[in-house]
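Undergrad: What follows is a predicted structure for the sequence shown.
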Protein chains: 2
Amino acid sequence: MQHNLTRDELRQRLLEGGLKATHQRIVVFEAVMDLHGHHPTPEEVYQHLRPANPTLSLGTVYKTLDTFVETGLIKRALSEEGGKRYDANTHVHNHIYCSKTREIVDFEDAELEQLLADFFSKRNLENFEIKGFSVQLTGNKVEPDKQIRITRVSK
Amino acid sequence: MQHNLTRDELRQRLLEGGLKATHQRIVVFEAVMDLHGHHPTPEEVYQHLRPANPTLSLGTVYKTLDTFVETGLIKRALSEEGGKRYDANTHVHNHIYCSKTREIVDFEDAELEQLLADFFSKRNLENFEIKGFSVQLTGNKVEPDKQIRITRVSK
DNA sequence: ATACTAGATAAGAATGTTTCTTACTTAGGA
DNA sequence: TCCTAAGTAAGAAACATTCTTATCTAGTAT
């Protein structure tokens, strides 16, 4: 359990979104935060919670995750391989996607955001109300057991 | 039929990829090209082809599309909503994704590619072999019946 | 504290999607 | 023309997602 919001804080955030703060919603929310960085599928969330919540049903997990996305509490991650992935990180950020392991790694980069914001201010979108943009790097991990990292070139 | 490759050219491209040029592969390839811009699902490809190819099976469509992706003849498009989408456009390009209609619109922008290439040359990726990057705009169509377009701001 | 009510949940059925299996067929090479 | 590796059809199987309905519960009013 590495999430850092108390249940009362979670309860608060659910209510702010106009959602009843039920036990199921609280634990599903916690699970997505606990699995942060994994961009879990509904099934993974379900398996994570099952031991401690044997009465929870998979259908509820699906529904709850989608409800959270609608409310903006979490986001859906883009994936190439089909299937739904969820992301506790609601900040503007980008993804590195490994085709081999299907891992999705977040990266935030203010410089990149600024670059893109500047760029799109020079473009006109007709008939489209833009909610956000993100950059997706696609490729393959070299060492499957080691982490992927992105760093600034030091010169 | 707005695709512009002859069957012999297609046959050629399949063979270059080390694939036997069977009738099924040729028509599936044509279908993805015909549906270019729609980023079709396997089911859509199947429905498109069924009238003229009543013996074609859905399983073959799935398998064939994946084979093409492996060979690099087509790409998979990223989607938020789960489910597989395929893209005949193998050029480097970006996508505009409408959450409302689930439409995916391609856009190519050399200036943007250059900007990103320059940017990533200033970043180091540890343990990741990058195959490509793309920008995804997410948002909603305003008029569902009209086209989405992106243009340069004229000053 | 208790009762009420809208909304949430469990459970599993229904539906939809993707993969797998097997026997049959075909493209391309000898 | 024959041979063989590879591809295909067909449907079963596995898997993923959504829907339905009866039951339950959080938050509210009493």
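TA: Arrived safely. Numbering: from 1, shown residues only, chains lettered A, B, ... in the order given.

Undergrad: any low-confidence regions in chain A?
TA: Residue ranges of chain A with pLDDT under 70: A:1-3, A:155.

Undergrad: Could I get the buried residue list for the longest strand along it?
TA: Longest strand in chain A by number of residues (criterion: DSSP state E): strand A:128-141. Buried residues in strand A:128-141, defined by neighbour count with 16 or more other C-beta atoms under 10 Å in any protein chain shown: A:Phe128, A:Phe133, A:Ser134, A:Val135, A:Gln136, A:Leu137, A:Thr138, A:Gly139, A:Asn140, A:Lys141. Yep, even glycine has a C-beta here, placed from its N, CA and C like the rest.

Undergrad: correct me, but the first one touches B:Ser99?
TA: No. Using C-beta atoms under 8 Å, A:Phe128 and B:Ser99 do not qualify as a contacting pair, with a distance of 10.9 Å.

Undergrad: Between those two, which contacts overlap?
TA: The contact sets of A:Phe128 and B:Ser99 overlap at B:Gly139, B:Asn140 (C-beta atoms under 8 Å, 6 or more residues apart in numbering or on different chains).

Undergrad: export the buried residues of strand A:128-141 to CSV and tack on distance to A:Leu78?
TA: Supplementary listing: the buried residues of strand A:128-141 in CSV, determined by distance: C-beta to C-beta, whole Å:
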residue, distance to A:Leu78
A:Phe128, 17
A:Phe133, 12
A:Ser134, 7
A:Val135, 11
A:Gln136, 6
A:Leu137, 12
A:Thr138, 11
A:Gly139, 15
A:Asn140, 18
A:Lys141, 18
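
Undergrad: Run through the residues you listed and flag the ones next to chain B.
TA: Checked against chain B using C-beta under 8 Å from any C-beta of the partner chain, these give the following subset in range: A:Phe128, A:Phe133, A:Ser134, A:Val135, A:Gln136, A:Leu137, A:Thr138, A:Gly139, A:Asn140, A:Lys141.

Undergrad: Put together a markdown table for those residues, with distance to DNA strand C on each row.
TA: Supplementary listing: these in a markdown table, determined by distance: C-beta to the nearest atom of the strand, whole Å:
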| residue | distance to DNA strand C |
| --- | --- |
| A:Phe128 | 25 |
| A:Phe133 | 25 |
| A:Ser134 | 22 |
| A:Val135 | 24 |
| A:Gln136 | 19 |
| A:Leu137 | 23 |
| A:Thr138 | 18 |
| A:Gly139 | 20 |
| A:Asn140 | 18 |
| A:Lys141 | 20 |
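
Undergrad: Pick out whichever of those sits closest to A:Asn4.
TA: A:Ser134 (24.6 Å; C-beta to C-beta).

Undergrad: OK, contacts around that closest one?
TA: If you count contacts by C-beta under 8 Å, 6+ apart, A:Ser134 has them with A:Leu78, A:Val92, A:His93, A:Asn94, A:His95, B:Val135, B:Gln136, B:Thr138.

Undergrad: Tell me the bridge partners for it.
TA: When assigned by DSSP bridges, A:Ser134 has beta-bridge partners B:Gln136.

Undergrad: And A:Val32, which helix or strand is it part of?
TA: helix A:23-34 (DSSP states H and E).

Undergrad: Equivalent analysis for A:Leu19, please.
TA: Under the criterion DSSP H and E, no helix or strand holds A:Leu19.

Undergrad: I figured it hits A:Thr64, correct?
TA: No. A:Leu19 is not in contact with A:Thr64 according to C-beta under 8 Å; the separation is 9.3 Å.

Undergrad: quick one: the strands in chain A?
TA: Along chain A, the stretches classed as strands by DSSP E are A:75-77, A:85-87, A:94-98, A:104-107, A:123-126, A:128-141, A:149-152.

Undergrad: got the ones you listed as TSV, with distance to A:Leu115 columns?
TA: Formatted as TSV, the entries for those read as follows, by distance: least, C-beta to C-beta, whole Å:
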stretch	distance to A:Leu115
strand A:75-77	21
strand A:85-87	22
strand A:94-98	12
strand A:104-107	14
strand A:123-126	13
strand A:128-141	10
strand A:149-152	14
